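*Asks:* take this sequence and fold it.
(one chain, ligands or ions: 2)
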Amino acid sequence: MKGKFDIDVLVASPSTITNRRVQRAMPDYAKMKKPDVKLVVLGDLNVGKTSLLHRYTERKFKDTISTVGGAFFLKQWGPYNISIWDTAGREQFHGLGSLYCRGAAAVILTYDVTNWQSLAELEDRFLYLTDTANSDCIFAIVGNKADLTDPRALVAEPEEEEGGDEKEGVPWANPSPTAPPMFRKQVFREDAVALYSRILRYKLLDEAASMPAERMCFETSAKTGYNVDLLFETLFDMVLPSILRKKSQNESPTVDLEECLEVNRTKDGCCT
Ligand SMILES: Nc1nc2c(ncn2[C@@H]2O[C@H](COP(=O)(O)OP(=O)(O)OP(=O)(O)O)[C@@H](O)[C@H]2O)c(=O)[nH]1
Ligand SMILES: [Mg+2]
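*Replies:* Ligands and ions are numbered 1, 2, ... in the order given. You can find the predicted model right below:
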């Protein structure tokens, strides 16, 4: 399934800027569109954050290397520009997390369904990083690698044709008879739902007035594309009110006191 407003995505990564060849191919930042809203993907090392973004933006499951610092993807959604920040799960980049979360309208907390510790880390190590996000920030909890445990997640969506650097073959595209061995599922949906409730309590949010956990907990596979569009597009729709509110605040007539004082001073000539 393609996004209803599918348009090119721009990718920029501080980790690639040092590479000369890439530097020449870097976009012209002067022409870059200003994002209207920001989404951030957080989670432990190796849970598949970058792979989810590749799957959504490039329709591919590609080889990845562990993210250094962070990278951002720009997605046009209707008339709006949405920036999606991919962060590094590695401990040494942890400090950057709260920087990336500053002003975020939505945070995607990602774990690996075959790794209990990756869920525990979300609460222990990542949740407090979101203190810098917007006060009305939306939280999604995403269990990735569902293809390893759930036969429904094995049905692959077609990959984009051109390119060539995607992983060789797609044996998982057909669940039978070449289905890969199933891994033991360590994190269940109920565990994610329970974490979602704890997050609302941590944020002092009223559960009844917040998005219900059933809508905010996803199981995905970056490998097959299972639920990946659903995840991002549900969030894009949810952050639209936040964009509209920001825009109307910017458009509402306000008086800049500093500017008035400056004009008055110049008129009176007292400061010239
Ligand atoms: N089976 C399976 N493997 C996946 C999936 N998503 C990612 N992987 C694999 O998991 C490994 C880590 O993926 P990344 O996307 O680099 O993980 P990350 O969360 O970005 O990791 P850091 O950048 O180090 O924080 C890679 O070997 C991926 O191929 C998935 O949905 N299913
Ligand atoms: Mg990564």
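*Asks:* where along the stretch 1-150 of the chain do the strands fall?
*Replies:* Secondary structure of the stretch 1-150 of the chain (DSSP state E, counting those that start in this stretch): strands at 10-12, 37-43, 70-77, 80-87, 106-112, 138-144.
*Asks:* is stretch 212-219 in proximity to ligand 1?
*Replies:* No - in terms of CB under 6 Å from any ligand atom, no part of stretch 212-219 sits within range of ligand 1; the closest distance is 10.0 Å. Where C-beta positions appear, they are placed from N, C-alpha and C, glycine not excepted.
*Asks:* start and end of that stretch, how far apart?
*Replies:* Separation of the first and last residues of stretch 212-219 by CA to CA, to the nearest Å is 16 Å.
*Asks:* from the chain's centre, how far out does that stretch sit?
*Replies:* Offset of stretch 212-219 from its chain centre (CA atoms, centre = their mean, to the nearest Å): 15 Å.
*Asks:* what of stretch 53-62?
*Replies:* Centre to centre, stretch against its chain (CA atoms, centre = their mean), the figure for stretch 53-62 is 13 Å.
*Asks:* are that stretch and ligand 1 in contact anywhere?
*Replies:* No - judged by CB under 6 Å from any ligand atom, stretch 53-62 and ligand 1 are separated, with a smallest distance of 6.9 Å.
*Asks:* what are the C-alpha coordinates of that stretch, in PDB please?
*Replies:* Output of stretch 53-62 as PDB, limited to C-alpha atoms (Å, rounded to 0.1, in the frame of the first residue of the first chain):
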ATOM      1  CA  LEU A  53      12.300   4.100   7.800                       C
ATOM      2  CA  HIS A  54      13.800   2.500   4.700                       C
ATOM      3  CA  ARG A  55      10.800   0.300   4.300                       C
ATOM      4  CA  TYR A  56       8.400   3.200   4.600                       C
ATOM      5  CA  THR A  57      10.300   5.700   2.500                       C
ATOM      6  CA  GLU A  58      12.000   3.500  -0.100                       C
ATOM      7  CA  ARG A  59       9.700   0.500   0.000                       C
ATOM      8  CA  LYS A  60      12.800  -1.700   0.500                       C
ATOM      9  CA  PHE A  61      14.400  -3.900   3.100                       C
ATOM     10  CA  LYS A  62      18.100  -2.900   2.800                       C
END
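*Asks:* mean pLDDT added to the strands of the stretch 1-150 of the chain, as TSV?
*Replies:* Formatted as TSV, the strands of the stretch 1-150 of the chain follow (pLDDT from 0 to 100):
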stretch	mean pLDDT
strand 10-12	53
strand 37-43	96
strand 70-77	91
strand 80-87	95
strand 106-112	98
strand 138-144	97
